[in-house]
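**Q** Fold the following.
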Amino acid sequence: MTYKIIDKLLTPNPYSRPQKKLIGVRGIVVHWVANPKASAEANRNFFENRKFGKTGYGSAHYIIDLDGSVIRCIPENEMAYHVGSKTYTKEALSRLSTYPNNCTIGIECCHVDWNGKMTDATYNTLVELAADLLKKYKLTADNLWLHKEVVGWKDCHKWFVNHPAEWKKFKELVENKLNGKSTTPSTNNNQLKSNDQYYVIKAGDTLWEISRKYNTTVDALLKLNPNVKPEALQIGQKIKLPSTSTSQNNAKSTQKTTSTSKLTINRTLKYGDRGNDVKQLQEALNKLYFKCGAADGIFGAKTKDAVIRFQKVYLPYEVDGIVGKRTLAKINELLKN
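**A** Prediction:
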């Protein structure tokens, strides 16, 4: 298990944690929080505040954060109010129960926009958590449900509802993980040959991952695709790839420039800051092809612009030009590769 579960159980109450026991686990239901960029903690607290009886019923067992960590709100043997409805689909009534809350585990996913797009970290944890739960309860990927598949009327999880092929691919990933196979779907239509000139975006892609797959750099991809927004890649979108020779040259350059030591910065850096830690940051950004000019130790406009460009590619849910713990961690991760 590569993800971290944090127990922050809800206070027992009639509206979000009734402490009723499940009759068994017959399905795992996937949801979106319908609150872009909100953290798992914020959504957990929303469930907690339902105890006052002013915002109706609702909760889930797990919430996956934007960084891939998980908050457990309700024990798995207790019922959550995550698929309550006056009506249910015929399939849900047949395979689950007449009241599916009593036999399912709910997973809420944080996301970055109103389309329901998840970060790589959220998506990858969802695959792992779903597989772990299915294995624990001796179920298969056929026992994965979208909220909409249970109730019939609610567009939840919106990303998967609007991209049914991605829901199918997600279930393949989970099934492969259950069977101990590679987590790459066996039918990956986006896998291009080395001499292809375009790549088709799939769920969870980032420009960094694409650049590594094709031995190039993020900077090179952005130059070839000036209209592409790294923080808003769309499934099915085509991006142009560099020629093979250019990619090889970029790869060699990357190997030379990214072999640097880990940043030793112990404070948040922002516009106007000065010092050796700012100089470290500037050197790292330049080596990762997010050019910010001379490493002069002054966090000016060019450095802030480079940080924003970096965050748009790697941390699209945290684009503020401020170098905090997550930005530093991502830079260090890339410097090691």
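
**Q** three-state assignment of residue 181?
**A** coil (DSSP: H, G, I helix; E, B strand; the rest coil).

**Q** ranges for the strands of the stretch 51-200 of the chain?
**A** Using DSSP state E, counting those that start in this stretch, the strands found in the stretch 51-200 of the chain span residues 62-64, 70-72, 104-109, 144-146, 198-200.

**Q** Now do the third one: which elements does it pack against?
**A** The contact analysis (3 or more CB pairs under 8 Å, 6 or more residues apart in numbering; DSSP states H and E) places strand 104-109 against strand 27-32, strand 62-64, helix 120-136. Heads up, the C-betas are built off the backbone N, CA and C, glycines and all.

**Q** quick one: buried residues of the shortest one?
**A** Taking 16 or more other CB atoms under 10 Å as the basis for neighbour counts, the residues of strand 62-64 that come out buried are 62-64.

**Q** Would you mind giving the residues you listed as a markdown table with distance to residue 118 and pLDDT added?
**A** Formatted as a markdown table, the buried residues of strand 62-64 follow (distance: CB to CB, whole Å; pLDDT from 0 to 100):
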| residue | distance to residue 118 | pLDDT |
| --- | --- | --- |
| 62 | 14 | 98 |
| 63 | 12 | 98 |
| 64 | 8 | 96 |
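
**Q** would CSV of these with distance to residue 234 be doable?
**A** Below are the buried residues of strand 62-64 laid out as CSV (distance: CB to CB, whole Å):
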residue, distance to residue 234
62, 27
63, 25
64, 22
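
**Q** Quick one: residues contacting residue 286.
**A** Residue 286 is in contact with 292, 295, counting by CB atoms under 8 Å, 6 or more residues apart in numbering.

**Q** which of the residues in the helix or strand hosting it are buried?
**A** Element membership for residue 286 (DSSP states H and E) is helix 276-287. Within helix 276-287, the residues that qualify as buried by neighbour count (16+ other CB under 10 Å) are 277-282, 284-287.

**Q** tell me which of these is nearest to residue 153?
**A** Residue 153 has its nearest neighbour among these in residue 285, at 47.6 Å by CB to CB.

**Q** just the CA coordinates of stretch 59-76, formatted as PDB?
**A** Extracted C-alpha coordinates of stretch 59-76, given in PDB (Å, rounded to 0.1, in the frame of the first residue of the first chain):
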ATOM      1  CA  SER A  59     -21.200  11.100   4.300                       C
ATOM      2  CA  ALA A  60     -18.700   8.600   2.900                       C
ATOM      3  CA  HIS A  61     -16.300   6.100   4.300                       C
ATOM      4  CA  TYR A  62     -13.200   7.500   2.500                       C
ATOM      5  CA  ILE A  63     -12.100  10.800   0.900                       C
ATOM      6  CA  ILE A  64      -9.000  10.900  -1.300                       C
ATOM      7  CA  ASP A  65      -7.200  14.200  -1.200                       C
ATOM      8  CA  LEU A  66      -5.500  16.000  -4.100                       C
ATOM      9  CA  ASP A  67      -2.100  14.700  -2.900                       C
ATOM     10  CA  GLY A  68      -3.300  11.100  -2.800                       C
ATOM     11  CA  SER A  69      -3.600  10.800   0.900                       C
ATOM     12  CA  VAL A  70      -6.900   9.300   2.300                       C
ATOM     13  CA  ILE A  71      -9.100  10.300   5.200                       C
ATOM     14  CA  ARG A  72     -11.300   7.600   6.700                       C
ATOM     15  CA  CYS A  73     -14.500   9.100   8.000                       C
ATOM     16  CA  ILE A  74     -16.500   6.000   8.900                       C
ATOM     17  CA  PRO A  75     -15.400   2.500   9.800                       C
ATOM     18  CA  GLU A  76     -15.900   0.000   7.000                       C
END
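
**Q** buried residues in that stretch?
**A** In stretch 59-76, counting by 16+ other CB under 10 Å, buried: 59-74.

**Q** Tell me the gap between that stretch and the middle of its chain.
**A** Here stretch 59-76 is found 13 Å from its chain centre; the criterion is CA atoms, centre = their mean, to the nearest Å.

**Q** who are the neighbours in contact with residue 219?
**A** Counting by CB under 8 Å, 6+ apart, residue 219 makes contact with 289-291.

**Q** Give the next helix or strand downstream of the helix holding residue 286.
**A** By DSSP H and E, the next helix or strand past helix 276-287 is helix 301-314.

**Q** Which residue, other than its chain neighbours, is closest to residue 331?
**A** residue 284 (5.3 Å; CB to CB, 6 or more residues apart in numbering).

**Q** so what's that neighbour scoring on pLDDT?
**A** On pLDDT, residue 284 comes in at 91.

**Q** Quick check: it touching residue 335?
**A** Yes - judged on CB atoms under 8 Å, residue 284 makes contact with residue 335 at a distance of 6.2 Å.

**Q** hmm, back to that, nearest to residue 177, out of the strands of the stretch 51-200 of the chain?
**A** Among those, strand 144-146 sits nearest to residue 177 (CB to CB), with 12.0 Å.

**Q** Quickly run through the sheet partners of the closest one, with directions.
**A** strand 27-32 (parallel) (DSSP bridges).

**Q** Many thanks, I have nothing further to ask.
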